[in-house]
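# this one's sequence-less:
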């Protein structure tokens with residue numbers, strides 16, 4: 001498995017950690033080895049030129065290490081994770097290296113922009129097509145991406161949801177004494193414009209008697225802008241918790257009256273899975289796999305989904321959750337049941353294992 005982990009930032013690294021942790025603690029006839037060169041990660045709001053430099057400089061040791069790894073060991077398959085964009089160049093080179101060594105390949109697209117990429121018809125689509133054609137199996141994380149690739153003639157496509165890590169349920173069980181505060185709102189993620197944090201702060205400023213806790217990395221410039229937007233009394237209702245451990249993040253979710261993620265774009269966000277497991281009433285947006293996760297086609301049984309960037313709808317949805325606590329609590333309880341039935345790690349691991357074995361067979 002070639003996927004970022006450890007010091008690398010972001011949802012892919014977190015997913016990798018969940019998979020490796022489960023593998024280390026459970027018996028399986030799969031012999032899984034993790035490989036990734038020790039590159040330096042970059043936050044999404046890092047300057048583009050810096051991100052490009054960090055990315056390109058990490059390609060060389062990664063590719064050289066991959067060549068060495070495939071020379072030393074006999075592998076049946078290599079599973080690559082991909083965040084698209086310029087990283088597709090590395091993905092294509094990696095897939096070619098594996099193909100030259102006669103090793104089967106899986107590329108796991110860990111983003112939800114595939115429909116938008118195919119609409120734009122740009123360089124990213126060309127690179128995406130090249131990566132797909134070089135792969136024996138392609139994994140996507142949402143139904144829209146799956147349907148888009150099938151529509152454009154690709155046949156080696158599988159859909160695989162993100163799992164709920166057993167660690168999350170362990171933390172929840174260990175902190176059963178934590179009670180929800182009906183007026184506490186929690187956001188978790190990168191504190192950047194495209195996560196909808198400015199709309200969220202603006203809305204909360206206009207609602208009486210709420211406390212907003214923002215969990216996640218924020219550079220000082222963004223933080224200052226949000227504080228300015230929040231106004232002179234921001235200390236009474238706005239709390240920047242910063243980056244927290246998984247345990248502390250789950251504790252914040254357990255005490256949240258509402259979990260809010262008004263993001264513009266997503267894949268299959270871990271924070272939605274985790275907030276569902278914590279029984280949070282959820283207000284979020286109709287992007288990526290979120291509508292599938294909350295089953296919005298069948299109504300608002302598991303949470304409220306709105307269009308991104310809609311300040312008015314965001315405010316109305318939060319007020320509804322605050323004022324109708326019977327509805328809010330019902331959403332949270334339903335979401336908790338749904339995530340454990342559909343997205344538990346044993347279920348997702350079994351599906352992933354089947355994909356790997358299908359290549360060997």
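Cool, got the structure. Not measured: the values here are computed from a predicted model.

# Need the residue in the chain that's farthest from the chain's center.
Distance from the C-alpha centroid of the chain peaks at residue 232, with 33.7 Å (Cα atoms, centre = their mean).

# Look up how far residue 254 lies from it.
Note on residue 232: its distance to residue 254, by Cβ to Cβ, to the nearest Å, is 31 Å. From N, CA and C alone the C-beta is placed, and that goes for glycine too.

# Ok, residue 327 next?
From residue 327 to residue 254 the distance is 20 Å (Cβ to Cβ).

# Pass me the low-pLDDT residue ranges in the chain, would you?
For the chain, applying pLDDT under 70 flags the ranges 7-9, 37-55.

# Would you mind splitting it into its domains for me?
11-163+344-360, 166-342 (automatic domain parsing).

# Relative to residue 5, which of those is closest?
domain 11-163+344-360 (4.1 Å; Cβ to Cβ).

# Between the two ends of that closest one, what distance do you get?
29 Å (Cα to Cα, to the nearest Å).

# Could you do stretch 300-313 as well?
Terminal residues of stretch 300-313 lie 15 Å apart, using Cα to Cα.

# In it, which residues are buried?
For stretch 300-313, burial by neighbour count (16 or more other Cβ atoms under 10 Å) applies to 300, 302-306, 308, 313.

# do stretch 233-246 as well
In terms of neighbour count (16+ other Cβ under 10 Å), stretch 233-246 has its buried residues at 234, 237-239, 241, 246.

# Stretch 122-142 too?
124-125, 127-132, 134-142.

# roughly how far apart are the residue nearest in space to the middle of the chain and residue 77?
Centroid-nearest residue in the chain: residue 269, 3.1 Å away (criterion: Cα atoms, centre = their mean). The gap separating residue 269 from residue 77 is 27 Å, by Cβ to Cβ.

# Residue 196 too?
Using Cβ to Cβ, residue 196 is found at 38 Å from residue 77.

# quick one: which of the two has more around it?
Neighbours were counted for residue 196 and for residue 77 using other Cβ atoms under 10 Å; residue 196 has more, 26 against 19.

# and the gap between the more buried one and residue 116?
Residue 196 sits 17 Å away from residue 116, going by Cβ to Cβ.

# Same question for residue 156.
From residue 156 to residue 116 the distance is 22 Å (Cβ to Cβ).

# before we move on, what about residue 80?
On the measure of Cβ to Cβ, residue 80 and residue 116 end up 22 Å apart.

# hang on, the residue farthest from the centre of the chain in a strand?
No. Read with DSSP: H, G, I helix; E, B strand; the rest coil, residue 232 is coil and lies in no strand.

# What's the first helix or strand after the helix or strand hosting residue 130?
For residue 130, the element it lies in under DSSP states H and E is helix 123-134. Following helix 123-134 in sequence order, the next helix or strand is strand 137-140 (DSSP H and E).

# who does that following strand pair up with?
When sheet partners are counted by DSSP bridges, strand 137-140 sits next to strand 104-109 (parallel), strand 157-159 (parallel).

# With mean neighbour count added, can I get those in JSON lines?
Putting the strands paired with strand 137-140 into JSON lines (neighbours: other Cβ atoms under 10 Å) gives the following:
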{"stretch": "strand 104-109", "mean neighbour count": "24"}
{"stretch": "strand 157-159", "mean neighbour count": "17"}
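
# who does the longest strand anywhere in the chain pair up with?
The longest strand of the chain (DSSP state E) is strand 181-188. Its sheet considered, strand 181-188 pairs with strand 211-215 (parallel), strand 256-261 (parallel) by DSSP bridges.

# just checking, what packs against the next helix or strand after that strand?
Sequence-wise, the next helix or strand downstream of strand 181-188 (DSSP H and E) is helix 197-205. If contacts are counted by 3 or more Cβ pairs under 8 Å, 6 or more residues apart in numbering; DSSP states H and E, helix 197-205 sits against strand 181-188, strand 211-215, helix 220-230, helix 311-323.

# If we use 7 Å, what do you get?
Helix 197-205 is packed against strand 181-188, helix 220-230, helix 311-323, with contacts defined by 3 or more Cβ pairs under 7 Å, 6 or more residues apart in numbering; DSSP states H and E.

# Contacts only, for the residue lying closest to residue 260 once chain neighbours are set aside.
If the residues on either side of it in the chain are set aside, residue 260 comes closest to residue 283, at 4.9 Å by Cβ to Cβ, 6 or more residues apart in numbering. Going by Cβ atoms under 7 Å, 6 or more residues apart in numbering, residue 283 touches 258, 260, 303-304, 317-318, 321.
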